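Asker: Dropping the sequence and predicted coords here.
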Amino acid sequence: MALSGIQIYKMLPQTNCKECGFPTCLAFAMKLAAKQVELDDCPYVTEESKTQLAESAAPPIRLVTLKGKAGEVQAGNEVVLFRHEKKFFNRPGVLIRMLDTEEPESISDKVKTASSYSVDYVGMELSIDGFAVEAASGDAATFATAVDTVRTATGLPLILVGSDSTVLAGGLDKLTGEAPLVLGADGSNWEAMTDLAAQHEAALGVKGESLEELAELTEKIKEKGVEDLVLYPAVRDMGTSLALNTQIRRLALKNFRPLGHPTIAFATNSGDPARESLLAAQALCKYAGFVVLDTFTPELIYPLLVLRENIYTDPQKPIQVQPSIYEINNPAPSDPVLVTTNFSITYFSVANEVEGAGLPAWLVVTDAEGMSVLTAWAAGKFDAERIAKTVKEFGVADKVDRKVIVLPGHTAVLSGELEEELPDWDVKVGPREAVDLPGYMKTVLT
Amino acid sequence: MPIDIPMDNWPGSVKTVTLGATSDQGGTRSSTVTIGGDQSLPFMHFEKPTANRPVIAMEIAPARPAEWSPVLLETWSEVVDDPGAWANACEEAGADLIVLQFGLKGAGDEPIAADLATSAVKTVLGATGLPLVVLGPGQAEIDNAILVPIADETKGERLVLGLCEDGNYRTIVASAMANDHLVLGRTPMDVNLAKQLNILMTDMGLPLDRIVMDPTTGALGYGIEYGYSVMERLRLAALQGDAMTQLPMMVNPGFETWKTKESKVGEGVPEAWGEWTERGVNWETLTAVSLIEAGANVVVLRHPDSLKRVRAAIDDLMAFETV
């Protein structure tokens, strides 16, 4: 955990020499605690204090960056156990596993399909982050060919999986200038794996069945100079996996350095896509830095990418759109005015429905502090007064000649008040769900 | 290297609530379901054993629910025309509980008549031995009109009656108290609103072990993160000893996900969304399992495949190897 100003002050010379630019050492310590100045600004701090302060300033979970030929993915730097305490920072990388025992053509096709996949979610393009290539064959030449095939088909970051460092070396040779993850080191091969990772400047995955085993290995590996480590707690069921990942996160946040690294979860080997998606979902919610899947299908990957986006949204800042009047399908003055809130999911649900149905409309988005219709209404952030104010602010009356305004169905109770606020408008109550808007517009509004 | 695992030692725990009553207990259920009793965050078996595993309720309607996704109506096929047959099919599929959800309208454009609603409840009770949750459409007048006679006619069954909301809990709570039933309180994704409703309901004299709370959630992609965090915060508050949050939680991933475009619509959607049925089941399953890990004690589902998958996940979460 970060040190307080007073704790830092005790490690400073306490001479108040002012050479750092502050009147007292205490003032400088306070600035240091707030991360507004650098320790190097103090000319007299001892080496011992420097080391101690540097350690306390290091993030509790080390940031590990995997780089491919094109693109990179990061994990680590997390500071909380629950997203509401602050937020989760680095979206876990989602990667698809390829076995080198598969035919190169087949590998190439699968990688190209998954690598080019992209899906729109509330205006954001979601996609996967890379691939894991596993040396299932145990043969260096076969593995090297597989890595080469994957690398030709995609530029995304890679994880090379195997237990024999000489086999993995052949794959690493194909990835010059990149920062892949080598997975991995265990109790029997860690020295050779550490040398291999160091030589190729790769991150190293560390596999262990227990926390003790993992912690012992990371300490030995760090002594040999490899610091970018990823923990792989190799367990079989969801209950144990949840417990271990929770324990690792708790220990890391208490500055237990041997486990202060991101984790990787393999939702593989089940042969059952349904189970795979559940294992991956748990990993996304509960602390994994990287998640590896066997199956790539849009119906499996799309919900997972959305889940990741949702869980990693900043709880203090709901995704919002600007309050305004939005034109959908080039509306004419005779087209209806629809009202909704500025929560982005709400906005996109409404806009996508109307746009998709090819129906022209004016969409008035009120400032509801980023809340959905029902939540904003309950919190008093979506009422007749606010709606009327927005209608006036954006000059909606000047854009239309048929003054029909449609309220969301959940807020039917607002219609009376809105009629009072906007006396020359025809206030209508629309459907409760956006998905029913096109039907409503076609039947009721025409 | 010996490691000192950080253990939470919580002063509080969630109340244990039993749904349904057998003939010995004054009801007609063949078995009861007990939820809650949590003494730690979900599935932290290394701290405290999980007292009662989360349970799965299946939602049915008194008549064919025309607004449901075609995927669901095709899957359940003709049983959706008969609530008794439907409840029975849910029991056979492995449900722990049945949720009978009344809509705003009956067969015509008018709300369902109280006597028809009561007979639908009796049909379901006759067709299944599982405990039953009966929910009105969430509009005070209709809820009161149907739930009061239902409560009277099923005295002693320990049904869960809802929805109790801020502006509409007195009649339902009084009716539940008079007839040995339980209630479901629903508040819109807010810790303080949930506490407040629980205070209001217990002030009427309803014991805490007869309340289940629905803190509400959004579906995956439609605000699940709000429901998820509110549930985590409610469970933390309960464990820290805040009595008015120490109630088991029930949420409705079935209703929430099957109204989203991803699940409801099969045509004219992006190719990147993938195959419709599997997408819908994944949408429901992921929402349910994420919320179970955030503290849900009951999830209400709609698709029988989701039931199987969520059941498998719960079994797997209850497994714990000493490592």
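Answerer: Right, received. Where do you want to start?
Asker: Please count neighbours and contacts with C-alpha atoms only from this point.
Answerer: Noted.
Asker: Residue A:358 is in contact with residue A:331, isn't it?
Answerer: No. Between residue A:358 and residue A:331 there is no contact under CA atoms under 8 Å: 10.6 Å.
Asker: Can you name the helix or strand that residue B:173 falls in?
Answerer: helix B:170-178 (DSSP states H and E).
Asker: From residue A:76, how far out is the closest residue to residue A:312 other than its chain neighbours?
Answerer: Distances taken as CA to CA, 6 or more residues apart in numbering or on different chains put residue A:88 closest to residue A:312, at 5.3 Å, once the chain neighbours are dropped. Per CA to CA, to the nearest Å, residue A:88 is found 10 Å from residue A:76.
Asker: Show the subsequent helix or strand relative to the helix holding residue B:173.
Answerer: Counting by DSSP H and E, what follows helix B:170-178 is strand B:182-186.
Asker: can you give me how far stretch B:309-323 is from the chain middle?
Answerer: When distances are taken as CA atoms, centre = their mean, to the nearest Å, stretch B:309-323 is centred 21 Å away from the chain's centroid.
Asker: and that stretch, what's its mean pLDDT?
Answerer: The average pLDDT within stretch B:309-323 is 86.
Asker: what's that stretch in contact with?
Answerer: Under the contact criterion CA atoms under 8 Å, 6 or more residues apart in numbering or on different chains, stretch B:309-323 has outside partners A:209-210, A:237-240, A:242, A:274-275, A:278, B:43, B:45, B:50, B:53-54, B:56, B:285, B:288-289.
Asker: For it, list every residue counted as buried.
Answerer: B:309, B:310, B:311, B:313, B:314, B:316, B:317, B:318, B:319, B:320 (16 or more other CA atoms under 10 Å in any protein chain shown).
Asker: Next one: the nearest residue to residue B:139 once chain neighbours are set aside from residue B:111, what distance?
Answerer: Once flanking residues are discounted, residue B:139 sits nearest to residue B:104: 7.9 Å by CA to CA, 6+ apart. From residue B:104 across to residue B:111, the span is 6 Å (CA to CA).
Asker: Mind jotting down where the helices sit in the stretch 51-200 of chain B?
Answerer: Ranges of helices in the stretch 51-200 of chain B, per DSSP state H, counting those that start in this stretch, are B:70-76, B:83-93, B:114-127, B:140-153, B:170-178, B:191-203.
Asker: With mean neighbour count, distance to residue A:215 and mean pLDDT as added columns, please give those helices in CSV.
Answerer: As requested, the helices of the stretch 51-200 of chain B are exported to CSV (neighbours: other CA atoms under 10 Å in any protein chain shown; distance: least, CA to CA, whole Å; pLDDT from 0 to 100):
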stretch, mean neighbour count, distance to residue A:215, mean pLDDT
helix B:70-76, 17, 49, 97
helix B:83-93, 21, 45, 98
helix B:114-127, 18, 56, 97
helix B:140-153, 20, 58, 95
helix B:170-178, 20, 54, 97
helix B:191-203, 18, 38, 96
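Asker: Adding distance to residue B:220, write these out as CSV.
Answerer: Converted to CSV, the helices of the stretch 51-200 of chain B look like this (distance: least, CA to CA, whole Å):
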stretch, distance to residue B:220
helix B:70-76, 18
helix B:83-93, 24
helix B:114-127, 31
helix B:140-153, 28
helix B:170-178, 31
helix B:191-203, 20
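Asker: Which among those is found nearest to residue B:281?
Answerer: Closest approach to residue B:281 among the helices of the stretch 51-200 of chain B (CA to CA): helix B:70-76, 9.6 Å.
Asker: Name the next helix or strand downstream of the longest helix along chain B, please.
Answerer: Criterion DSSP state H: the longest helix present in chain B is helix B:276-294. Sequence-wise, the next helix or strand downstream of helix B:276-294 (DSSP H and E) is strand B:298-301.
Asker: Can you list the strands that that following strand pairs with?
Answerer: strand B:55-60 (parallel), strand B:250-251 (parallel) (DSSP bridges).
Asker: hmm, back to that, can you count the residues close to the residue nearest to residue B:139?
Answerer: 15 (other CA atoms under 10 Å in any protein chain shown).
Asker: Show me where the stretch 301-446 of chain A has its strands.
Answerer: A:324-328, A:337-341, A:361-366, A:404-407, A:426-429 (DSSP state E, counting those that start in this stretch).
Asker: and the angle for the third one with strand A:324-328?
Answerer: Using axes from the mean of the first three to the mean of the last three CA atoms, to 10 degrees, the direction of strand A:361-366 lies 160 degrees away from that of strand A:324-328.
Asker: list the helices and strands strand A:361-366 packs on?
Answerer: Contacts defined by 3 or more CA pairs under 8 Å, 6 or more residues apart in numbering or on different chains; DSSP states H and E place strand A:361-366 against strand A:324-328, strand A:337-341, helix A:344-356, helix A:384-393.
Asker: Please report how far the closest residue to residue B:195 other than its chain neighbours lies from residue B:228.
Answerer: Using CA to CA, 6+ apart and skipping residues adjacent in sequence, the residue nearest residue B:195 is residue B:244, 5.4 Å away. Per CA to CA, residue B:244 is found 19 Å from residue B:228.
Asker: Pick out whichever of the two has more residues nearby.
Answerer: Neighbours were counted for residue B:244 and for residue B:228 using other CA under 10 Å; residue B:228 has more, 28 against 19.
Asker: Can I get whatever helix or strand the more buried one lives in as PDB, trimmed to CA atoms?
Answerer: Following DSSP H and E, the helix or strand that holds residue B:228 is helix B:224-240. Provided in PDB are the C-alpha atoms of helix B:224-240 (Å, rounded to 0.1, in the frame of the first residue of the first chain):
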ATOM      1  CA  ILE B 224     -25.500  -5.500 -15.300                       C
ATOM      2  CA  GLU B 225     -22.600  -3.700 -13.700                       C
ATOM      3  CA  TYR B 226     -25.000  -1.600 -11.600                       C
ATOM      4  CA  GLY B 227     -26.900  -4.700 -10.300                       C
ATOM      5  CA  TYR B 228     -23.600  -6.500  -9.800                       C
ATOM      6  CA  SER B 229     -22.100  -3.800  -7.700                       C
ATOM      7  CA  VAL B 230     -25.200  -3.100  -5.700                       C
ATOM      8  CA  MET B 231     -25.400  -6.800  -4.800                       C
ATOM      9  CA  GLU B 232     -21.800  -6.900  -3.800                       C
ATOM     10  CA  ARG B 233     -22.300  -3.800  -1.600                       C
ATOM     11  CA  LEU B 234     -25.500  -5.200  -0.100                       C
ATOM     12  CA  ARG B 235     -23.800  -8.500   0.800                       C
ATOM     13  CA  LEU B 236     -20.700  -6.700   2.200                       C
ATOM     14  CA  ALA B 237     -23.100  -4.500   4.300                       C
ATOM     15  CA  ALA B 238     -24.900  -7.600   5.600                       C
ATOM     16  CA  LEU B 239     -21.600  -9.300   6.600                       C
ATOM     17  CA  GLN B 240     -20.500  -6.100   8.300                       C
END
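Asker: Who has more neighbours out of residue A:88 and residue A:76?
Answerer: residue A:76 (26 against 23).
Asker: which residues touch the closest residue to the more buried one other than its chain neighbours?
Answerer: Closest residue to residue A:76 apart from its sequence neighbours, by CA to CA, 6+ apart: residue A:63 at 4.3 Å. Contacts for residue A:63 (CA under 8 Å, 6+ apart) come out as A:74, A:75, A:76, A:77, A:228, A:261, A:262.
Asker: For chain B, state which of the residues you listed is nearest.
Answerer: residue A:261 (15.9 Å; CA to the nearest CA).
Asker: Alongside chain A, which residues does the stretch 151-300 of chain B contribute?
Answerer: Selection of the stretch 151-300 of chain B residues close to chain A by CA under 8 Å from any CA of the partner chain yields B:188-189, B:220-226, B:229, B:232-233, B:259-261, B:272-276, B:278-279, B:282-283, B:285-286, B:289-290.
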